[in-house]
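Chemist: Pasting a predicted model and its sequence here:
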Amino acid sequence: MSTNYCAIQGGNTGTPSCVGKRKVPKKPVVGGRKFTYAEYSNSETFQDAIIASLNLSAGDPNKLFPFPEVLEVANNTEADTTGSLALGPVVRLRKGRPSYTYTVDIDHYQFQKLLAFDNKVMPVYSFDDASNWWAYRQTTTANTPNTKDISGEMALITVSGNGFEDGANAATGKCTITFSYLSVDDFEKRSVYAMLPDMSSGDLVGLIDVMLSEPQANAANVYKIKMTIPGPILGQDLDIYDDYAAAIAALSAQWSAKTGANFATSLTITSIAVDATLKALTVTFDSTAYTALASGALIKLIPPTVTQLVTANIAGYEIGNIILVK
Amino acid sequence: MHINYNGKYFPNATWAATKSQADFVEHEKHVGLTEAELKEAYDLCIAAVAPAETVAGTAKPRKQKDAEVV
């Protein structure tokens, strides 16, 4: 007969050799993508799946957004809340929640893009300097190997900084990104990692937004479409025509146009050609269908997807839609 | 299926096949090709959507002239 419950208070405390631990984070990667056991159980397959998730179009629920490389880490994890009675021991009342502030050195354009994530709660993966990819995984039923999907660890993201430097301190003028994890329990008990020895933080790079615009009014069913990268330098939007217009025009079969309620009706694109004078694409719609549209009708011109651009060796960009008006 | 004629792309050969050659030339006259080139582009579109010709059971290759079917 036992005289205490000590044996059932905890569990065995040994560990196998060569188990890793959280090291210094290099690249946070944010987004709703979940990975299956089949994807994460092999490092090469997993790495391919991660890279593919970076190259998805806006609105794709599986898109991942890599953040800039971390240059400095400040551990802002709350201290445990403790208390004691006058003659009693110090008792932990509440565990402190994990929070980390990363300092990154980025330009004004990227800072303005990151502000889209400010004050948002999102799943966050962390790639650390031991080439480990940290994630969250739910527990599974007893006596069953855990093959559940993994997802990012939920955290509140705040983005600040990038103001003027003070000329005396290297830390000034930098951007600070804080990840405050929502659940200390999940952060500690449900964290898992995958080893990605061939992954480099440089592989985790975000896409650049390309905007479509009309440099001049359309001539009936013939529209001129310019492709630029709007930036914060006045009068210096980047024109991708010289580098990519021919290759993007060659993807003519991947362009589409829609009209009508919810843009559910296809409008045929009959030709796409480069216009070297305007440094734009000439996009022609079927004149019969175009004429049948009411004046003022909206036409959504949809460019090739990120995946299609990557297949055509146009990597690193996402071209947005444009709404044209008849 | 789309047709590439000297860097001018016609992504809808099926649409072209619904038009006469003259209508196609008129419709696309602004893309920077001559009338003769547009006629050739039209022929390529038609060939792309038409079945290959056969002679004595042997398929003939489709017409290609300084351009390509992609």
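Modeler: Yep, it's here.

Chemist: How many residues are close by whichever residue of chain A sits closest to chain B?
Modeler: Of all residues in chain A, A:S252 sits closest to chain B, at 3.6 Å by CB to the nearest CB. Quick note: C-beta positions are derived from backbone N, CA and C, even for glycine. Counted with other CB atoms under 10 Å in any protein chain shown, the neighbours of A:S252 add up to 24.

Chemist: What confidence value was assigned to it?
Modeler: Per-residue pLDDT puts A:S252 at 95.

Chemist: Next: B:V69.
Modeler: Looking at B:V69, its pLDDT stands at 57.

Chemist: one step back: my guess is the residue of chain A closest to chain B contacts A:T268. True?
Modeler: No: at 11.8 Å, A:S252 does not count as touching A:T268 under the criterion of CB atoms under 8 Å.

Chemist: just how off-centre is the helix or strand hosting B:L44 within its chain?
Modeler: Element membership for B:L44, per DSSP states H and E: helix B:35-49. Between the centre of helix B:35-49 and the centre of its chain there are 3 Å (CA atoms, centre = their mean, to the nearest Å).

Chemist: Then stretch A:265-280?
Modeler: 31 Å.

Chemist: Quick one: residues contacting A:K26.
Modeler: The neighbours of A:K26, taking CB atoms under 8 Å, 6 or more residues apart in numbering or on different chains as the test, are A:E69, A:V70, A:F127, A:D128, A:D129, A:S201.

Chemist: Tell me the confidence at the fifth one?
Modeler: When you say that, I think you mean A:D129. Value for A:D129, per-residue pLDDT: 97.

Chemist: Also the last one?
Modeler: For A:S201, the pLDDT comes out at 94.

Chemist: repeat for the second one
Modeler: Residue-level confidence at A:V70 comes out at 97, pLDDT.

Chemist: Please, where are all the strands along chain B?
Modeler: Shown for chain B, the strands assigned by DSSP state E span residues B:3-5, B:8-10, B:54-55, B:58-59, B:68-69.

Chemist: what kind of secondary structure is the residue lying closest to A:V283 once chain neighbours are set aside in?
Modeler: Once flanking residues are discounted, A:V283 sits nearest to A:Y223: 4.9 Å by CB to CB, 6 or more residues apart in numbering or on different chains. Following DSSP: H, G, I helix; E, B strand; the rest coil, A:Y223 is assigned to strand.

Chemist: number of nearby residues for A:Y223?
Modeler: Neighbours of A:Y223 (other CB under 10 Å): 24.

Chemist: Likewise for the one 4 residues further on?
Modeler: One way to gauge burial is a neighbour count; for A:M227, by other CB under 10 Å, it gives 24.

Chemist: Am I right that it is in a strand?
Modeler: Yes: assessed by three-state DSSP, A:M227 belongs to a strand.

Chemist: Just the pLDDT for it.
Modeler: For A:M227, the model assigns a pLDDT of 97.

Chemist: which residues pair with it across the strands?
Modeler: Going by DSSP bridges, A:M227 is paired in beta bridges with A:L212.

Chemist: Quick check: bridge partners of A:Y100?
Modeler: A:N75, A:F179.

Chemist: Using neighbour counts, trim the contacts of A:K26 to the buried set.
Modeler: A:E69, A:V70, A:F127, A:D128, A:S201 (16 or more other CB atoms under 10 Å in any protein chain shown).

Chemist: Now secondary structure and distance to A:A280 too, for the residues you listed, in CSV please.
Modeler: Converted to CSV, the buried ones among the contacts of A:K26 look like this (DSSP: H, G, I helix; E, B strand; the rest coil; distance: CB to CB, whole Å):
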residue, secondary structure, distance to A:A280
A:E69, coil, 35
A:V70, coil, 40
A:F127, strand, 39
A:D128, strand, 45
A:S201, helix, 36
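
Chemist: how about the residue positioned nearest the centre of chain A, phi and psi?
Modeler: Of all residues in chain A, the one closest to the mean position by CA atoms, centre = their mean is A:F65, 0.9 Å from it. Main-chain torsions, A:F65, degrees, to the nearest 10: phi -120, psi 110.

Chemist: Identify the residue nearest it in space, chain neighbours excluded?
Modeler: Using CB to CB, 6+ apart, the nearest residue to A:F65 is A:V30, at 4.8 Å.

Chemist: partners of the one you found in the sheet?
Modeler: Here A:V30, judged by DSSP bridges, has bridge partners A:F65, A:V124.

Chemist: okay, now it: neighbour count?
Modeler: For A:V30, the neighbour count with other CB under 10 Å is 22.

Chemist: contacting residues around it?
Modeler: The contact partners of A:V30, taken as CB under 8 Å, 6+ apart, are A:L64, A:F65, A:P66, A:F67, A:F117, A:M122, A:P123, A:V124, A:Y125, A:G152, A:I157.

Chemist: Double-check that the last one belongs to a helix.
Modeler: Which is A:I157. No: applying three-state DSSP, one finds A:I157 to be strand, outside a helix.

Chemist: residue contacts, it?
Modeler: So A:I157 contacts A:V30, A:F117, A:D118, A:N119, A:K120, A:V121, A:M122, A:V124, A:I177, A:T178, A:F179 (CB under 8 Å, 6+ apart).

Chemist: Mind jotting down where the strands sit in the stretch 1-150 of chain A?
Modeler: Applying DSSP state E, counting those that start in this stretch to the stretch 1-150 of chain A gives strands spanning A:25-31, A:64-66, A:72-75, A:81-83, A:91-94, A:99-104, A:120-128, A:132-137, A:150-151.

Chemist: quick revisit: for the helix holding B:L44, which residues meet the burial criterion?
Modeler: B:E37, B:L38, B:E40, B:A41, B:Y42, B:D43, B:L44, B:C45, B:I46, B:A47, B:A48.

Chemist: could you give me the average pLDDT of that helix?
Modeler: pLDDT averaged over helix B:35-49 gives 94.

Chemist: which secondary structure elements does that helix contact?
Modeler: Here helix B:35-49 touches strand B:3-5, strand B:8-10, helix B:13-16, helix B:21-27, strand B:68-69, going by 3 or more CB pairs under 8 Å, 6 or more residues apart in numbering or on different chains; DSSP states H and E.
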